[in-house]
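**Q** How does the following fold in three dimensions:
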Amino acid sequence: MKHHGIISVANSILNSIDLDQTVANLIVTARNDGYTQGYTECTQHVNDALRVDWDNSRSATRGVDTGATHASAKADYNNLRLPMMDFVTAALQSDDFVAQLKEILPDETDDDENLE
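**A** Coordinates of the predicted model:
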């Protein structure tokens, strides 16, 4: 039970659609925020080097608060709740947590290993 249960929990977490979507959103928002910051820095360098006022009004990132979007995605990731972890947490608070865990994660070998 000990080894199979750990593998089942890990697979459930790693194969979670919620986790995949949250991480994908975090990657996209980080990339967009990086592009925005890089474009802004590059524009400043061009303005300083060429002593011109570079027109960035057509920039796709102009007026978009990519930092806030990325901060929101980070908060979503940090506050992500996965159903499997809720099940395991509830089972561990039970008096007979081994029976609860066996119910959630049935062991294929059905051995009586102690989880303590």
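**Q** okay, the residue lying farthest from the centre of the chain: pLDDT?
**A** Distance from the centre of the chain peaks at residue 51, with 42.6 Å (CA atoms, centre = their mean). Per-residue pLDDT puts residue 51 at 89.
**Q** cool, residue 55 as well?
**A** 78.
**Q** What count of nearby residues applies to it?
**A** 8 (other CB atoms under 10 Å). All C-beta spots, glycine's among them, are computed from the backbone N, C-alpha and C.
**Q** do the same with residue 28
**A** With other CB under 10 Å as criterion, residue 28 counts 13.
**Q** Which residues are in contact with the residue nearest to it when sequence neighbours are not counted?
**A** For residue 28, ignoring the flanking residues on the chain, the nearest one in space by CB to CB, 6 or more residues apart in numbering is residue 73 at 7.9 Å. For residue 73, the contact set (CB atoms under 8 Å, 6 or more residues apart in numbering) comprises 22, 25, 26, 28, 29, 30.
**Q** The residue lying closest to residue 56 once chain neighbours are set aside sits in which helix or strand?
**A** Excluding its sequence neighbours, the residue lying closest to residue 56 (CB to CB, 6+ apart) is residue 43, at 5.3 Å. Residue 43 belongs to helix 17-50 when assigned by DSSP states H and E.
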